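Undergrad: Give me the fold of what follows.
(chains A and B)
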There are 2 protein chains.
Amino acid sequence: MDVLVVGSVAYDSVKTRAGTRDDVLGGSATFFGICSSRFTPTGLVAVVGDDFRAADRALLQEQGVNIDGLETLPGKTFRWGGEYHADMVGRDTLFTELNVFEAFAPKLTQQQRSANIVFLANIHPSLQCSVLDQVNCPHFVAVDTMNFWIDSAKPELLKVIERVDALLLNDEEAAQLTGEPNVSTAAKALMELGPSLVVIKRGEHGALMFHEDERFYVPGFPLDEVIDPTGAGDTFAGGFIGHLAKTEDFTPANVRRAAVVGSLMASYCVQGFSVERLATVTDEDISRRYEAFQDLTQFDAIHR
Amino acid sequence: MDVLVVGSVAYDSVKTRAGTRDDVLGGSATFFGICSSRFTPTGLVAVVGDDFRAADRALLQEQGVNIDGLETLPGKTFRWGGEYHADMVGRDTLFTELNVFEAFAPKLTQQQRSANIVFLANIHPSLQCSVLDQVNCPHFVAVDTMNFWIDSAKPELLKVIERVDALLLNDEEAAQLTGEPNVSTAAKALMELGPSLVVIKRGEHGALMFHEDERFYVPGFPLDEVIDPTGAGDTFAGGFIGHLAKTEDFTPANVRRAAVVGSLMASYCVQGFSVERLATVTDEDISRRYEAFQDLTQFDAIHR
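TA: Presented below is the predicted three-dimensional model:
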């Protein structure tokens, strides 16, 4: 199945324990697209400025991302700057410059409209809605969001959530959106809004997935060194949805495997700045870490 | 195998989203002892004041805890008061009254000295050390600690850690003790101090266990309602060590099962104030939730 992602392509400036990088390739659609392309044909709809580097365009294409939907507008590419705390979990946003992103109005081509699977990355809910209006009955639609939209555009966000199969968000956002601090109760409340699948992302702790009557917990992979956590959530989504699209199997057992693939791809993502490590992940890397996740989590029955 | 726990027996006053309780039975040795007794004969060494209620003494005995080592001194029982935040994770300590605990000097009986397994709950490292001086070569010794002792008695604490098989502490404490914010690196540094087993407790997120060359992640069980998180860490330890003692099996596969038993017992603990729910857990409850942990975490191999 083909995947379409609508989101941001950005230049990030990040400072972490491991070092500093300025104006490196980032953005939700970038991380998602590069990851998902490992598994299935993936097209990207986003906007960049005329400062967007040819090398980055080439990198996306070499990674297999279809960038026919990457619009270029006069002006500067979206920029984000952040500094991570020593624990590599907390972070402070130093600046956000929307630049050309302010004028982003996703227009899908005829081919993009027939995508089987659509991932609405973290953009304004009204833009997410406009994408949903343009696609022809996709098989599976997933949406990500963030605290900013829950605060500023909750009614529009709720309308989007009604229309999707899967919602991905972090635990604080789930609490904020439902007014329910308990993560299980919040997830149930979110499923009552429409999605049959809710993934609560918990950063380094992994993700808790609610799917029909099942719950599945996939940990974050314990790493000796985290280089840069930026993009981990979108990479998780790219692995999760990429695996589902590749296998065309939405059974509960395969949705579990997809969550493991998402978490393992995210674990590679954070082992480099920008997409440095993610872009070099091999099939063998994927198999090896999938097995490492099994070693990390499996236990057998008890003999009482 | 017999288990001996040395720690506190206290009266707690707690305020949570679910309600308020004053002067209810608590303390590390209480939670550990009641939990461990479910699995194996467990004796407790602790001190209470002459205000300690006969009903609480009876409850410990009915739960199977051997309280021959529960000393009564003139004065008041140790008291702790705390209020949990709405997320049931963060908490503020409202007061700590050491009372008779200030004079606590554990003196083991001849029988206690020959315990097979010893758990040194969170007390001053010099007291933990004095217990180690009194026991006759136990098969397995585990120790818990907290930020307060890392700050105020680090040299003594390091001497205790050198002498034990297992160290249990939370992620912030691991970072504080080693100066290493990365949890995997911190755990390795701790293992170099002596223990072959390090359990990093992560509250609602469960625990990450480092055992020889293996790592095992057990999640916290997602509950629709948490009543009172007090005692969850000591209950985890009680289930973990109680299971190991009962099975007399310290192989990696069984240490994993023990961690699951620890996490499942902790999940019952937080479903009631004080020891209310913990004290009524049945064998069937244990089996059922063990299976629920399997459902929560298991996934099968990927077909690429």
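Undergrad: counting contacts, what elements does the strand or helix carrying A:Ala29 pack onto?
TA: Secondary structure from DSSP states H and E places A:Ala29 in helix A:28-37. On a contact count with 3 or more CB pairs under 8 Å, 6 or more residues apart in numbering or on different chains; DSSP states H and E, helix A:28-37 meets strand A:3-6, strand A:42-49, helix A:54-62, strand A:65-73, helix A:232-247, helix A:252-269. To be clear about C-beta, it is placed using only N, CA and C from the backbone, and glycine gets the same treatment.
Undergrad: pull the CA atoms of the second one into PDB?
TA: Put plainly, it is strand A:42-49. Taking C-alpha atoms only, strand A:42-49 is exported to PDB below (Å, rounded to 0.1, in the frame of the first residue of the first chain):
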ATOM      1  CA  THR A  42       5.800   7.000   0.500                       C
ATOM      2  CA  GLY A  43       5.000  10.400  -0.800                       C
ATOM      3  CA  LEU A  44       5.400  13.700   1.100                       C
ATOM      4  CA  VAL A  45       3.300  16.800   1.000                       C
ATOM      5  CA  ALA A  46       5.100  19.800   2.500                       C
ATOM      6  CA  VAL A  47       6.500  23.200   1.800                       C
ATOM      7  CA  VAL A  48      10.000  24.600   1.800                       C
ATOM      8  CA  GLY A  49      11.600  28.000   1.100                       C
END
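Undergrad: Tell me the strands beside that strand, with direction?
TA: According to DSSP bridges, strand A:42-49 forms sheet pairs with strand A:3-6 (parallel), strand A:65-73 (parallel).
Undergrad: Excluding chain neighbours, what is closest to A:His205?
TA: Take A:His205 and drop its neighbours on the chain: the residue closest to it by CB to CB, 6 or more residues apart in numbering or on different chains is B:His205, 4.3 Å away.
Undergrad: do stretch A:261-277 and chain B meet?
TA: Yes - for stretch A:261-277, a contact with chain B is found by CB under 8 Å from any CB of the partner chain, at A:Val261.
Undergrad: and that stretch, what's its mean pLDDT?
TA: Across stretch A:261-277, pLDDT averages out at 98.
Undergrad: From the chain's centroid, how far away is it?
TA: Relative to its chain's centre, stretch A:261-277 lies at 12 Å (CA atoms, centre = their mean, to the nearest Å).
Undergrad: ok, now stretch A:284-296?
TA: 21 Å.
Undergrad: now swap in stretch A:3-20 and tell me
TA: On CA atoms, centre = their mean, the centre of stretch A:3-20 falls 12 Å from that of its chain.
Undergrad: List the buried residues of that stretch.
TA: A:3-16, A:18 (16 or more other CB atoms under 10 Å in any protein chain shown).
Undergrad: cool, stretch A:61-79 as well?
TA: A:63, A:65-67, A:69-71, A:73, A:75-79.
Undergrad: Any chance of JSON lines for those residues, columns distance to A:Thr40?
TA: Supplementary listing: the buried residues of stretch A:61-79 in JSON lines, determined by distance: CB to CB, whole Å:
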{"residue": "A:Gln63", "distance to A:Thr40": "13"}
{"residue": "A:Val65", "distance to A:Thr40": "11"}
{"residue": "A:Asn66", "distance to A:Thr40": "11"}
{"residue": "A:Ile67", "distance to A:Thr40": "16"}
{"residue": "A:Gly69", "distance to A:Thr40": "16"}
{"residue": "A:Leu70", "distance to A:Thr40": "19"}
{"residue": "A:Glu71", "distance to A:Thr40": "23"}
{"residue": "A:Leu73", "distance to A:Thr40": "29"}
{"residue": "A:Gly75", "distance to A:Thr40": "32"}
{"residue": "A:Lys76", "distance to A:Thr40": "32"}
{"residue": "A:Thr77", "distance to A:Thr40": "27"}
{"residue": "A:Phe78", "distance to A:Thr40": "26"}
{"residue": "A:Arg79", "distance to A:Thr40": "30"}
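Undergrad: so which two of these are the farthest from each other?
TA: Farthest pair in the buried residues of stretch A:61-79 (CB to CB) is A:Gln63 and A:Gly75. Separation: 25.2 Å.
Undergrad: quick one on the thing from earlier: name the nearest of the buried residues of stretch A:3-20 relative to A:Lys159.
TA: A:Val6 (16.2 Å).
Undergrad: Report the contact partners of the closest one.
TA: A:29, A:44-46, A:106, A:118-121, A:123, A:127-128, A:131 (CB atoms under 8 Å, 6 or more residues apart in numbering or on different chains).
Undergrad: Now pLDDT and neighbour count too, for these, in a markdown table please.
TA: Converted to a markdown table, the contacts of A:Val6 look like this (pLDDT from 0 to 100; neighbours: other CB atoms under 10 Å in any protein chain shown):
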| residue | pLDDT | neighbour count |
| --- | --- | --- |
| A:Ala29 | 98 | 33 |
| A:Leu44 | 97 | 28 |
| A:Val45 | 98 | 29 |
| A:Ala46 | 98 | 28 |
| A:Pro106 | 96 | 20 |
| A:Val118 | 98 | 28 |
| A:Phe119 | 98 | 33 |
| A:Leu120 | 98 | 27 |
| A:Ala121 | 97 | 29 |
| A:Ile123 | 94 | 23 |
| A:Leu127 | 96 | 18 |
| A:Gln128 | 97 | 30 |
| A:Val131 | 97 | 25 |
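Undergrad: so where is the stretch 1-150 of chain A shaky, pLDDT-wise?
TA: Across the stretch 1-150 of chain A, nothing is flagged by pLDDT under 70.
Undergrad: who in it is up against chain B?
TA: Counting by CB under 8 Å from any CB, the stretch 1-150 of chain A sits next to chain B at A:17, A:86-88.
Undergrad: and the closest residue in space to A:Phe293 that isn't next to it in sequence, what is it in contact with?
TA: Excluding the flanking residues, the one nearest A:Phe293 by CB to CB, 6+ apart is A:Val260, at 5.2 Å. By CB under 8 Å, 6+ apart, the contact set of A:Val260 is A:218, A:290, A:293, B:299, B:302.
Undergrad: Could you do A:Ile200 as well?
TA: A:169-171, A:174, A:183, A:186-187, A:207-210.
Undergrad: picking that back up, filter the residues of the stretch 1-150 of chain A next to chain B to the buried ones?
TA: Looks like those have A:87-88 buried, using 16+ other CB under 10 Å.
Undergrad: now, the most widely separated pair of the residues of the stretch 1-150 of chain A next to chain B?
TA: So, the residues of the stretch 1-150 of chain A next to chain B by CB to CB: farthest apart are A:Arg17 and A:Asp87, at 9.0 Å.
Undergrad: Are there residues contacting both of these two? Which ones?
TA: Contacts common to A:Arg17 and A:Asp87, judged by CB under 8 Å, 6+ apart, are B:Pro181.
Undergrad: And A:Glu284, how far from chain B?
TA: Per CB to the nearest CB, to the nearest Å, A:Glu284 is found 11 Å from chain B.
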